[in-house]
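> fold the following, please.
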Amino acid sequence: MTATTAVMELRDVAVRYKTRKSFFRHDYFTALENISFSIIKGETLGVIGANGCGKSTLLKVLANIYGVDSGEVSWYCQQVSLLSLTLGFDPELSGRDNAIISGMLLGSRRQEVLNKLDEIIEFSELHEFIDNPIKTYSSGMLSRLGFSVALKMESELLLIDEVLAVGDNKFMDSAKDAMADKINSDQTVVLVSHSLSQVKMLCDRTLWLEGGKLQMIGPTDHVLEEYELFLRNDNQSSVSHRLIE
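Just a heads-up that it's a prediction; the model follows:
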């Protein structure tokens with residue numbers, strides 16, 4: 001970490017969804033409950049936890065896509081980008097036009113996207129296809145374009161939700177190397193990942209969510225050690241339960 005200045009702070013944040021139980025009855029599901037932490041300028045903060053624990057909801061709160069039902073979120077930065085592949089893509093438009101629109105949806109001005117457009121095209125390896133409508137693209141080509149736009153646009157806080165498996169193996173290696181370079185720079189990053197080895201390699205601190213609650217936050221090595229112990233104990237309990245039954 002290069003500084004101790006917070007770029008964002010959450011205090012006692014809760015997010016609840018309304019769910020239908022019957023035609024006239026509704027219930028509420030709590031996706032996040034009493035979440036409090038700060039994101040420090042220049043750090044890479046990992047977010048781990050089982051499927052359904054609230055990781056993606058948390059990223060959408062940080063990106064100001066979701067509002068909160070209680071608590072408070074304070075932003076101390078001007079530009080937050082959620083790295084989301086194919087954000088805002090229109091199948092009828094060309095790859096070039098979609099790159100411009102997607103970059104603007106990520107929070108950049110049109111001229112800023114235009115200034116980066118050559119780099120986006122070069123990294124995506126879509127030179128001869130960039131002016132074709134993206135409805136003619138394969139899923140791999142779409143992923144490469146979306147990733148390249150998100151990678152090349154500047155942001156004070158970059159939010160990444162498990163997106164490094166993009167394109168073919170050659171491009172995937174380039175994507176991982178480029179993302180590692182970005183994370184290891186002064187860029188402030190929040191990284192959601194199921195890969196504990198990736199979190200261990202890239203993240204200064206790690207936040208562990210369990211059932212929508214903040215289980216632990218701290219130095220990555222310590223949090224991963226506790227999380228892996230929890231997983232082993234949980235698996236052992238499940239095995240014991242099945243044997244008893």
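
> tell me what Ile35 is bridged to.
Applying DSSP bridges to Ile35 gives these bridge partners: Val13.

> surely it and Gly71 touch.
Yes. In terms of Cβ atoms under 8 Å, Ile35 counts as a neighbour of Gly71; the distance is 7.2 Å. No exception for glycine: its C-beta is placed from N, CA and C like everyone else's.

> residues shared between the contacts of these two?
Listed as contacting both Ile35 and Gly71 by Cβ atoms under 8 Å, 6 or more residues apart in numbering are Leu10, Asp12, Val13, Ala14.

> from Asp90, how far off is Ala178?
Using Cβ to Cβ, to the nearest Å, Ala178 is found at 26 Å from Asp90.

> which one of these two is surrounded by more residues?
The neighbour comparison of Ala178 against Asp90 (other Cβ atoms under 10 Å) goes to Ala178, with 16 against 13.

> for the more buried one, which non-adjacent residue is closest in space?
Using Cβ to Cβ, 6 or more residues apart in numbering and skipping the chain neighbours, the partner closest in space to Ala178 is Leu151 (5.7 Å).

> out of the shared contacts of Ile35 and Gly71, which is nearest to Leu126?
Taking Cβ to Cβ as the measure, Leu126 lies nearest Leu10 of these, at 38.0 Å.

> does the closest one belong to a helix or a strand, and which?
Per DSSP states H and E: Leu10 is located in strand 6-20.

> for that strand, buried residues please.
Neighbour counts over strand 6-20 (16 or more other Cβ atoms under 10 Å) mark Val7, Met8, Leu10, Val13, Val15, Arg16 as buried.

> also stretch 174-186?
Ser174, Ala175, Ala178, Met179, Lys182, Ile183.

> show the average pLDDT along it.
Stretch 174-186 shows a mean pLDDT of 78.

> on that earlier part again, closest one of the buried residues of strand 6-20 to Gly103?
Checking those against Gly103 with Cβ to Cβ, the nearest one is Val7 at 21.2 Å.

> and the gap between the residue lying closest to the closest one once chain neighbours are set aside and Leu158?
Nearest non-adjacent residue to Val7, counting by Cβ to Cβ, 6+ apart: Cys77, 4.4 Å away. Distance check for Cys77 against Leu158: by Cβ to Cβ, it reads 11 Å.

> just to revisit the earlier point, and the buried residues of stretch 174-186, which two are furthest apart?
Ser174 and Ile183 (14.9 Å).

> wait, isn't Ala63 in contact with Val80?
Yes. Between Ala63 and Val80 a contact is recorded at 5.6 Å, counting by Cβ under 8 Å.

> neighbour count: the two, which is higher?
Val80 (22 against 18).

> backbone phi and psi for that one, please?
Backbone torsions of Val80, given as degrees, to the nearest 10, read phi -120, psi 130.

> ok, the nearest residue to it once chain neighbours are set aside - how many residues close by?
Leaving aside its chain neighbours, Val80 sits nearest to Leu157 (4.5 Å; criterion: Cβ to Cβ, 6+ apart). Neighbours of Leu157 under the rule other Cβ under 10 Å: 23.

> for Leu157, give me its contacts.
Taking Cβ under 8 Å, 6+ apart, we find Leu157 in contact with Val7, Met8, Ile39, Leu62, Cys77, Gln79, Val80, Ser81, Thr188, Val189, Val190.
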